[in-house]
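Trainee: Sharing a model prediction with you, sequence too.
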Amino acid sequence: MQNDEAVPCAQPFRAGSFEGQVAVVTGGGTGLGLEVSRGLAALGAKVVIASRSGEHHKALLDEAAERGWHVEAETFDVREVAQVTALAAAVLERHGAVDILVNNAAGNFVCPAERLSERAWRAVLGIVLDGTFYCSREFGRPMLKRGQGQMLNIVATYAWTGMPGVVHSASAKAGVLAMTRTLAAEWGSRGVRVNAVAPGPFESRGAAANLWPDEEVRRRIEGSVPLGRFATADEVAMQCLWMLSPASAYMNGECLVVDGGGWLGKGMWNDGRPIERKKG
Ligand code: HXC
Ligand code: NAP
């Protein structure tokens, strides 16, 4: 298979380097999940994308048909354990094994903690924390039985820094980070590795609609990143592929930060700006 120049995040990898592998990507029809799915498919993996909306799957299914990639799509709600079990059973029935699970699905919005309703809290915790656990367990069981497999969880740096306005998402991502390390330690000796990637802000329709609805907020966020800009979804997807590639075979329980230095301390004296020393 030719390496496909139309998919930037696939470029550093040898053509066909994921051939023979089956990958499941939750939320694989949009944003980062879409780019990771495109990258895996372009490099030869059989990719199953899964999320609530069939509409979100159409673009990748069309592209796959055009380029000769193997992509399948399933609709499910990651919060519903019966639907997760059914998804895992269907994929295993079709393919016999799953090599890669990317826990990417998420829900998020900005809301002051004191105004957050129980349903709003549950919506985000259900998608991010419960959903990641349900998928890890349901796909983890056959991986453990086979003695082979890997998972990649998408978190965010506020899992350890915290961030005003997203107490639900920060709490859930912190849980997913703890889950990453726990399962890595629990399952590593049985052939199943679990790692995480923590992206900084990158443009996606979901994030833009829920987190930076106007230009001013977007510019403020950009200003907080030492590199002075958002990432592209491709730049983050490339690191996800790296974490899933044989180059990372000895990585387990690790969280790779891809955020332009955004989470680092900016200093009490200079707010991240160059320090000027007054003469005289
Ligand atoms: C306050 C809100 C709200 C908001 C929803 N709710 N949006 N509360 N502010 N902006 C409340 C509702 O009022 C309701 O509570 C409860 O949440 C459930 O709402 P539903 O609409 O019924 O939920 P549901 O249809 O299940 O949708 C889930 C969702 C939605 C999370 C609310 O936004 C979604 O589907 N998001 C998926 C896409 C997404 O968010 N992508 C962003 C990923 S970026 P009440 O009590 O009123 O009934 C990311 C990290 C960014 O995760 C990090 C940046 C550095
Ligand atoms: P996105 O495009 O909105 O992706 C979220 C995906 O999750 C969608 O494809 C959505 O598909 C799916 N999803 C949501 N609820 C679901 C549910 N209940 N069941 C199944 N699937 C569900 O956002 P993104 O920005 O690419 O985010 C991808 C990952 O990166 C997330 O884990 C996010 O937290 C993380 N992240 C993003 C940023 C950023 O700046 N964008 C920063 C740090 C971390 P459906 O609507 O079809 O269900």
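Mentor: On my side now, so go ahead. Model, not experiment: these values are computed from the prediction. Residues are numbered from 1 along each chain as shown. Ligands and ions are numbered 1, 2, ... in the order given.

Trainee: which residue ranges form the helices in the protein?
Mentor: 31-42, 58-67, 81-95, 118-125, 131-146, 158-161, 167-187, 205-211, 215-223, 233-244 (DSSP state H).

Trainee: quick one: the longest one to helix 131-146, angle?
Mentor: Inter-element angle recorded for helix 167-187 and helix 131-146: 10 degrees (by axes from the mean of the first three to the mean of the last three Cα atoms, to 10 degrees).

Trainee: list the helices and strands helix 167-187 packs on?
Mentor: Using 3 or more Cβ pairs under 8 Å, 6 or more residues apart in numbering; DSSP states H and E, the elements in contact with helix 167-187 are helix 118-125, helix 131-146, strand 149-154, helix 158-161, strand 192-199. Backbone N, C-alpha and C define where each C-beta goes, glycine included.

Trainee: And it, what's buried?
Mentor: 167-177, 179-181, 183-184, 187 (16 or more other Cβ atoms under 10 Å).

Trainee: Quick one: the helices and strands packed on helix 167-187 as JSON lines, columns for distance to ligand 1 and mean neighbour count too.
Mentor: Output for the helices and strands packed on helix 167-187, formatted as JSON lines (distance: least, Cβ to the nearest ligand atom, whole Å; neighbours: other Cβ atoms under 10 Å):
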{"stretch": "helix 118-125", "distance to ligand 1": "3", "mean neighbour count": "14"}
{"stretch": "helix 131-146", "distance to ligand 1": "11", "mean neighbour count": "20"}
{"stretch": "strand 149-154", "distance to ligand 1": "8", "mean neighbour count": "25"}
{"stretch": "helix 158-161", "distance to ligand 1": "7", "mean neighbour count": "17"}
{"stretch": "strand 192-199", "distance to ligand 1": "7", "mean neighbour count": "24"}
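
Trainee: Now render these as JSON lines, adding mean pLDDT and distance to Trp212.
Mentor: Converted to JSON lines, the helices and strands packed on helix 167-187 look like this (pLDDT from 0 to 100; distance: least, Cβ to Cβ, whole Å):
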{"stretch": "helix 118-125", "mean pLDDT": "98", "distance to Trp212": "17"}
{"stretch": "helix 131-146", "mean pLDDT": "98", "distance to Trp212": "24"}
{"stretch": "strand 149-154", "mean pLDDT": "98", "distance to Trp212": "18"}
{"stretch": "helix 158-161", "mean pLDDT": "98", "distance to Trp212": "15"}
{"stretch": "strand 192-199", "mean pLDDT": "98", "distance to Trp212": "14"}
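
Trainee: burial of whichever residue of the stretch 1-150 of the chain sits closest to ligand 2, as a residue count?
Mentor: At 2.1 Å from ligand 2, Gly31 is the closest residue in the stretch 1-150 of the chain, using Cβ to the nearest ligand atom. Around Gly31 there are 23 other residues, counting by other Cβ atoms under 10 Å.

Trainee: quick one: contacts for it?
Mentor: By Cβ atoms under 8 Å, 6 or more residues apart in numbering, Gly31 lies in contact with Phe202, Ser204, Arg205, Gly206, Ala207, Ala233.

Trainee: any idea what sits nearest the residue in the stretch 1-150 of the chain that ligand 1 sits nearest to, other than its immediate chain neighbours?
Mentor: In the stretch 1-150 of the chain, the residue that lies nearest ligand 1 is Gly107 (2.5 Å; Cβ to the nearest ligand atom). Leaving aside its chain neighbours, Gly107 sits nearest to Ile127 (4.3 Å; criterion: Cβ to Cβ, 6 or more residues apart in numbering).

Trainee: correct me, but the one you found touches Asn104?
Mentor: No. Look at Ile127 against Asn104 with Cβ atoms under 8 Å: they stay out of range, at 10.8 Å.

Trainee: Neighbour count: the two, which is higher?
Mentor: Comparing Ile127 with Asn104 by other Cβ under 10 Å, the one with more neighbours is Asn104, at 26 against 23.

Trainee: Check the spacing between the more buried one and Leu177 real quick.
Mentor: 15 Å (Cβ to Cβ, to the nearest Å).

Trainee: same deal with Gly140?
Mentor: 17 Å.

Trainee: try Ala10
Mentor: In this structure, Ala10 and Leu177 are 27 Å apart, going by Cβ to Cβ.
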